[in-house]
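*Asks:* Have a look at this prediction, sequence included:
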Amino acid sequence: MGGDHGPGVTLPACRQFLETHADARLLLVGQAEALAGFAHPRASVVPASEVVGMDDAVEVALRKKKDSSMRVAIQQVKDGQAQAAVSAGNTGALMAIARYLLKTLDGIERPAIATQLPNARGGATTVLDLGANVDCTAEHLLQFAVMGSALVSALTEQEAPTVGLLNIGEEVIKGSEEIKRAGELLRAAAGTGDLNFFGNVEGNDIFKGTADIVVCDGFVGNVALKTSEGLAAMIAQFLREEYSRNLLTKLAALLAAPVLAALKKRMDHRRYNGAALLGLRGLVFKSHGSADALAFEQALVRAYDAASHALLTRVQSRIAHAAPLLAVKAPVPGQALAGGADPASSAPASS
């Protein structure tokens, strides 16, 4: 029911997903009248009378809309009726409800939002956090690194994906005191075999593919995500304008068509849609609110792959192994942090 387009996009995406995943089953959670036209032998409707709006405050979604499609969907995961939940709705509400219903894993204080961004190596770099936690301690960044490693390992079968710490320079002496301390913790984790720590990386390394995983706080990560989306849109618009100016540019476009098509495919953010909410006792994936059917299908595929590869078990195993390093420093009194103990009191940044 969520996102900018609702069932007009999500239902066609669901149908295409079911056609390409013969062993998958979908529970379509929402208002029955909006979903009445969808019929498939491996899909069923779970009714929910309310919908969380994209502009609803977190406390409204959490405390007043207790029969929302978002809450009922996550309840399916909690009750064991579903292995993962996917939503294109309000990010802050999704994080708050998921955290309230599913709780965080032992050793994890805050969930993180992780997604993939295309890189120059032809693959993708996993980046977290992308907006759930604006202010992070060094211990939080270590937790994100452990969870991100489990995610990439589960989905790519890499036993030891490399982890980079986003900083203003590669040197260990650079960055804030918290970032420098995070670097110390990550190096210690590498020493115990809990991580394959590459070292400090800079913003351009995300798109170079220098490390498989890049860890940062939610403020920086969200800015990086939105910047990459804006850059991709600008390049696409530039190419459309330049190659339609005159006969010469049209001819050049014709000759360069295969290269341009490959570039467009690699930079197409829809192919990377579907961000994991890591650190919860259940799998929840967030689709971009403006996703079209292709993009929402990709979010379903990511959730399917995570469940198929036992992501939750892998995260728990890695956290248990790294437990001695994951002790969380108590927050400074009066410090404003996103995603605090009361999920209705502070909303994560939108992603």
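*Replies:* Received it, and whenever you're ready, just let me know what you need.
*Asks:* Okay, strands next: where are they in the stretch 101-250 of the chain?
*Replies:* Counting by DSSP state E, counting those that start in this stretch, the stretch 101-250 of the chain has strands at residues 112-118, 124-128, 162-166, 196-201, 213-215.
*Asks:* do you know how far the residue nearest in space to the middle of the chain is from residue 51?
*Replies:* Geometric centre of the chain, nearest residue: residue 275, 1.9 Å, by Cα atoms, centre = their mean. Going from residue 275 to residue 51 by Cβ to Cβ, to the nearest Å gives 21 Å. All C-beta atoms are positioned from the backbone trio N, CA, C, and that covers glycine.
*Asks:* cool, residue 27 as well?
*Replies:* In terms of Cβ to Cβ, residue 27 sits 16 Å off from residue 51.
*Asks:* The two: which has the busier surroundings?
*Replies:* residue 51 (21 against 15; other Cβ atoms under 10 Å).
*Asks:* so the more buried one touches residue 29, yeah?
*Replies:* No: proximity of residue 51 to residue 29 does not meet the contact threshold set by Cβ atoms under 8 Å, at 10.3 Å.
*Asks:* okay, and the common contacts of these two?
*Replies:* Counting by Cβ atoms under 8 Å, 6 or more residues apart in numbering, the shared contacts of residue 51 and residue 29 are 1, 69.
*Asks:* circling back to that earlier point, tell me the pLDDT of the residue nearest to the centre of the chain.
*Replies:* You'll see residue 275 listed with a pLDDT of 94.
*Asks:* Need the nearest residue in space to it, chain neighbours excluded.
*Replies:* The shortest distance from residue 275 to any non-neighbouring residue, by Cβ to Cβ, 6 or more residues apart in numbering, is to residue 115 (3.8 Å).
*Asks:* I figured the residue nearest to the centre of the chain hits residue 130, correct?
*Replies:* Yes: counting by Cβ under 8 Å, residue 275 does reach residue 130; the two are 6.3 Å apart.
*Asks:* Please name the residues that touch residue 101.
*Replies:* By Cβ under 8 Å, 6+ apart, residue 101 lies in contact with 71, 74-75, 78.
*Asks:* Of those residues, which is the most crowded?
*Replies:* In the contacts of residue 101, the most neighbours by other Cβ under 10 Å go to residue 74, 26 neighbours.
*Asks:* on contacts alone, who are the packing partners of the helix or strand hosting it?
*Replies:* Using DSSP states H and E, residue 74 sits in helix 69-78. On a contact count with 3 or more Cβ pairs under 8 Å, 6 or more residues apart in numbering; DSSP states H and E, helix 69-78 meets strand 26-30, strand 43-47, strand 84-87, helix 91-102, strand 283-286.
*Asks:* What's the mean pLDDT across the last one?
*Replies:* Right, strand 283-286. 96.
*Asks:* what lines up beside it in the sheet?
*Replies:* strand 84-87 (parallel), strand 275-278 (antiparallel) (DSSP bridges).
*Asks:* And those: which comes nearest residue 303?
*Replies:* strand 84-87 (4.0 Å; Cβ to Cβ).
*Asks:* Closest one of the contacts of residue 101 to residue 13?
*Replies:* Of all those, residue 13 sits closest to residue 74, with 19.2 Å by Cβ to Cβ.
*Asks:* so the closest one makes contact with residue 282?
*Replies:* Yes: between residue 74 and residue 282 there is a contact at 7.4 Å, judged by Cβ under 8 Å.
*Asks:* Now list whatever residues contact both of those two.
*Replies:* By Cβ under 8 Å, 6+ apart, the residues touching both residue 74 and residue 282 are 85, 98, 102.
*Asks:* now these as TSV including neighbour count and pLDDT?
*Replies:* Converted to TSV, the shared contacts of residue 74 and residue 282 look like this (neighbours: other Cβ atoms under 10 Å; pLDDT from 0 to 100):
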residue	neighbour count	pLDDT
85	27	98
98	29	96
102	21	97
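*Asks:* who's sitting farthest from the centroid in the chain?
*Replies:* The chain, Cα atoms, centre = their mean, max distance from centroid: residue 247 (42.9 Å).
*Asks:* Who are the contact partners of it?
*Replies:* With Cβ under 8 Å, 6+ apart, residue 247 has no contacts at all.
*Asks:* Check it and give its pLDDT.
*Replies:* On the pLDDT scale, residue 247 gets 73.
*Asks:* and what of residue 57?
*Replies:* 94.
*Asks:* got the phi/psi numbers for it?
*Replies:* phi -70, psi 150 (degrees, to the nearest 10).
*Asks:* Give me the neighbour count for it.
*Replies:* By other Cβ under 10 Å, the burial measure for residue 57, its neighbour count, is 16.
*Asks:* From residue 64, how far out is it?
*Replies:* The gap separating residue 57 from residue 64 is 9 Å, by Cβ to Cβ.
*Asks:* go on, residue 216?
*Replies:* 34 Å.
*Asks:* do the same with residue 276
*Replies:* Distance from residue 276 to residue 64, by Cβ to Cβ: 27 Å.
*Asks:* What of residue 316?
*Replies:* Taken as Cβ to Cβ, the span from residue 316 to residue 64 is 33 Å.
*Asks:* Pick out whichever of these two has more residues nearby.
*Replies:* residue 316 (17 against 12).
*Asks:* which residue sits closest to that one, ignoring its sequence neighbours?
*Replies:* residue 105 (6.1 Å).
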